[in-house]
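Asker: Next comes the sequence, and after it the predicted model I'd like to discuss.
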Amino acid sequence: MDPTSQLLTKIRNAQGAGHESVTIPYSRLKEGIAKILEKNGFIAGVTTSKEKKYPELKIALKSERTVILKQMSRPGQRIYRGHNEIKKVKNGLGINILSTSQGLMTDREARKKKIGGELLCKIC
């Protein structure tokens, strides 16, 4: 399963069920996306647990806010955008997360640095 879709689906399902947190298998890509979500205030926090045989990410969700997550790029259809083709999400209220040559970043950072990349997901 695609790591991005697994992360987004688990967060979406946990929020719909009213859970306070969700635990998912660790990967650097998932951790990077989760840290961007935390930095922009869409989730409460992210911690990495290495207590078990395989490391896990524990994501604390915010109870007062429901985040709408949509995967844009898929394994069968990658979506790439140049810095001038990246559009704002809901007039700047949401964010796009891109994978660029300089790492994961939001659409605002990519436009500011004039870097394009693969459009991973949209968060509103």
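Answerer: Everything's here; your move.

Asker: quick one: what helix or strand has residue 105 in it?
Answerer: In the assignment (DSSP states H and E), residue 105 maps to strand 103-106.

Asker: Neighbours of residue 78, how many?
Answerer: Each residue near residue 78 was counted by other C-beta atoms under 10 Å, and the total is 12. Where you see a C-beta, it was placed from the backbone N, CA and C, and this is true even at glycine.

Asker: and residue 43, what is it in contact with?
Answerer: 11, 34, 37, 59-62, 67 (C-beta atoms under 8 Å, 6 or more residues apart in numbering).

Asker: domain assignment for the protein?
Answerer: Domain segmentation of the chain under automatic domain parsing yields 3-60, 69-123.

Asker: What does the pLDDT read for the residue lying farthest from the centre of the chain?
Answerer: Residue farthest from the centre of the chain, counting by C-alpha atoms, centre = their mean, is residue 53 at 25.0 Å. As predicted, residue 53 sits at a pLDDT of 90.

Asker: Can you tell me the SS state at it?
Answerer: Per DSSP: H, G, I helix; E, B strand; the rest coil, the secondary structure class of residue 53 is coil.
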